[in-house]
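A.B. asks: quick one, fold the following:
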Amino acid sequence: LPYSMKINSLRKLEVARNLPSAYGTERHDIEQKQARLVNSYNIATTDQLQLRSDVNAMFTTDEYELQLSKCRDQFDIGTFNHIMSEYKTMKNGDDDTESIKIRRWLEYVVKLPRFIKPFPVTSESTAEEIAEFEKRSIDIIDSYIYGANDIKEYIKEFLHQLISNPASTRKMIALESAPGMGKSSIAEAIAECLKVPCIKIHMGGQHDISVLKGHSKTYISAIPGTIISKLCSQANGWKNPVIFLDEIDKVSSRHGEMEGALCELFDPDHNKNFEDYYLGFKYDLSNCIFVTAMNDSTKIGNIVSDRLQILKIQPYTTTEKTNMAMSHLIPRVLKNIGMSPANIEFTREAAAAVLKLSSAHEKGVRQYIRNLETIVKRLNRMRNIGSLYYKDIGKQGKLVVNEEIVKELFWEPSNPHEMSKELRNTLYT
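C.D. replies: Have a look, this model is predicted:
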């Protein structure tokens, strides 16, 4: 209820409680209603005071005016006049709910990215500079992606397209593969090559269009959609980040609303006029580089797939997974756990044994990585306490992990019967 109505209700209850007819059970019920209403009023008042303290931590009025003056060239005259009208309403109003909502809205408006970050090279760069960029990009792509040579070649062509024409309208890559094939790594690699932020948005299971387009600011606690929110918080002021939309094949749509919103993002004729319901005006997303990922393209509606050129990543073979482990996965696992190649070295046979024991059936490498982590974590514990394999070589020694060590270390925790007595004592005491 509005505060004025709550106060009037409290007054009526106070009068009713003091009436001569109010006694016994009836009087008790009135007092309980009065207590509930007072409690509700106090909670609301506390929330409002917290909201006001949050607003006080935002820009001052003068800072808003300064920030808005910097945004003048970003908006058309009609949009800018609307923003200034809202600002004047907030400036001339009290610290009521409407002014607070406008302050929060302006907080997003002034944080909208305004600048396009130049790419490392352009078509005007010298041949030597572009060759250096090409070499650096190849190193980055190879460090993120193993195999998938056709995908790598497409990415290189895509990067040169952006170099030749940064204003290109076809800034879109769609990837299809089984889980765990490195689709998000491709988005990260593109962002690192171009030295722009990478914004990740998980779409799996989403069904409400407000996830992408927000709610009208007239609603209490309304916020922008994920696209605008993350641009304001993660794009560092740049209008051309990489935006990675994961699992778009798992979006569930009511009446085609989500499909329509995705089409608005992916269609170059529409994303330059993207309208977030919270902002209430159009914002240009045509400079963003969209990378989308899916596991099954047949689950995407025709209206969306028609706007995508889908690149399929083929599943890794057993040999490719073993090669990937030796060159990419094992160094990454060692780094995450706090070990280095100076402490531990896997033979190729050991890497193949980890794959063979439990994860050879999967198309990607997520389970393979988890299995490698299991082995390294157990060895790391032994190294820290100086037991078993590290008893003789010491904490600073180097252990070469062979197939026999893998077979002895890799077991299900619920069934450790195959462990040696010394290993069991090390891990369970």
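
A.B. asks: poorly predicted segments of the stretch 201-350 of the chain, please.
C.D. replies: Within the stretch 201-350 of the chain, the stretches with pLDDT under 70 are 253-255.

A.B. asks: now the helices for it?
C.D. replies: 210-213, 226-234, 257-266, 302-305, 318-324, 330-337, 348-358 (DSSP state H, counting those that start in this stretch).

A.B. asks: buried deepest among those helices, which one?
C.D. replies: helix 210-213 (a mean of 22; mean count of other Cβ atoms under 10 Å). Just so you know, the C-beta spots here come from the backbone N, C-alpha and C atoms, and that holds for glycine as well.

A.B. asks: residues contacting it, please?
C.D. replies: By Cβ atoms under 8 Å, 6 or more residues apart in numbering, the residues outside helix 210-213 that reach it are Met203, Gln206, Gly225, Thr226, Ile227, Met258, Ala261, Leu262, Leu265, Glu275, Asp276, Tyr277.

A.B. asks: redo the helices of the stretch 201-350 of the chain as JSON lines? Include distance to Asn384.
C.D. replies: Output for these, formatted as JSON lines (distance: least, Cβ to Cβ, whole Å):
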{"stretch": "helix 210-213", "distance to Asn384": "44"}
{"stretch": "helix 226-234", "distance to Asn384": "37"}
{"stretch": "helix 257-266", "distance to Asn384": "48"}
{"stretch": "helix 302-305", "distance to Asn384": "51"}
{"stretch": "helix 318-324", "distance to Asn384": "28"}
{"stretch": "helix 330-337", "distance to Asn384": "11"}
{"stretch": "helix 348-358", "distance to Asn384": "21"}
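
A.B. asks: for Asp142, find the nearest of these.
C.D. replies: With respect to Asp142, and counting by Cβ to Cβ, the nearest of those is helix 318-324 at 11.5 Å.

A.B. asks: ok so, going back, looking at the helices of the stretch 201-350 of the chain, which is closest to Ile138?
C.D. replies: helix 318-324 (17.4 Å).

A.B. asks: hey, C-alpha coordinates of the closest one in CSV?
C.D. replies: Output of helix 318-324 as CSV, limited to C-alpha atoms (Å, rounded to 0.1, in the frame of the first residue of the first chain):
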residue,chain,number,x,y,z
THR,A,318,41.2,-40.0,-29.4
THR,A,319,44.6,-39.0,-30.9
GLU,A,320,43.6,-35.3,-31.1
LYS,A,321,42.4,-35.4,-27.5
THR,A,322,45.8,-36.8,-26.3
ASN,A,323,47.7,-34.3,-28.4
MET,A,324,45.5,-31.5,-26.9
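
A.B. asks: show me what it is packed against.
C.D. replies: helix 348-358 (3 or more Cβ pairs under 8 Å, 6 or more residues apart in numbering; DSSP states H and E).

A.B. asks: next, the angle from the helix it packs on to helix 330-337.
C.D. replies: 80 degrees (axes from the mean of the first three to the mean of the last three Cα atoms, to 10 degrees).

A.B. asks: what residues sit buried inside the helix or strand following helix 348-358?
C.D. replies: Reading on from helix 348-358 to the C-terminus, the next helix or strand found by DSSP states H and E is helix 366-385. By 16 or more other Cβ atoms under 10 Å, the buried positions in helix 366-385 come out as 367-369, 371-376, 378-380, 382-383.

A.B. asks: tell me who's in contact with His82.
C.D. replies: With Cβ under 8 Å, 6+ apart, His82 has these contacts: Gly280, Phe281.

A.B. asks: and the residue nearest to Leu194 when sequence neighbours are not counted, how many neighbours?
C.D. replies: Ranked by Cβ to Cβ, 6 or more residues apart in numbering and with sequence neighbours excluded, the top spatial neighbour of Leu194 is Phe119, at 5.4 Å. By other Cβ atoms under 10 Å, the residues close to Phe119 number 17.

A.B. asks: next one: Phe119 from Val242, what distance?
C.D. replies: From Phe119 over to Val242 the distance is 12 Å, taken as Cβ to Cβ, to the nearest Å.

A.B. asks: got any residues that touch both of those two?
C.D. replies: Any residue near both Phe119 and Val242 by Cβ under 8 Å, 6+ apart counts here, and that gives Leu194.

A.B. asks: Three-state assignment for the residue nearest to Leu194, please.
C.D. replies: coil (DSSP: H, G, I helix; E, B strand; the rest coil).

A.B. asks: mind checking pLDDT for it?
C.D. replies: Phe119 carries a pLDDT value of 92.

A.B. asks: Tyr41 too?
C.D. replies: Predicted confidence (pLDDT) for Tyr41: 42.

A.B. asks: what is the neighbour count of Lys70?
C.D. replies: Lys70: 10 neighbours (other Cβ under 10 Å).

A.B. asks: who's in contact with the closest residue to it other than its chain neighbours?
C.D. replies: For Lys70, ignoring the flanking residues on the chain, the nearest one in space by Cβ to Cβ, 6+ apart is Arg114 at 7.5 Å. Contacts for Arg114 were tallied using Cβ under 8 Å, 6+ apart; they are Lys70, Cys71, Gln74, Gly237, Lys239.
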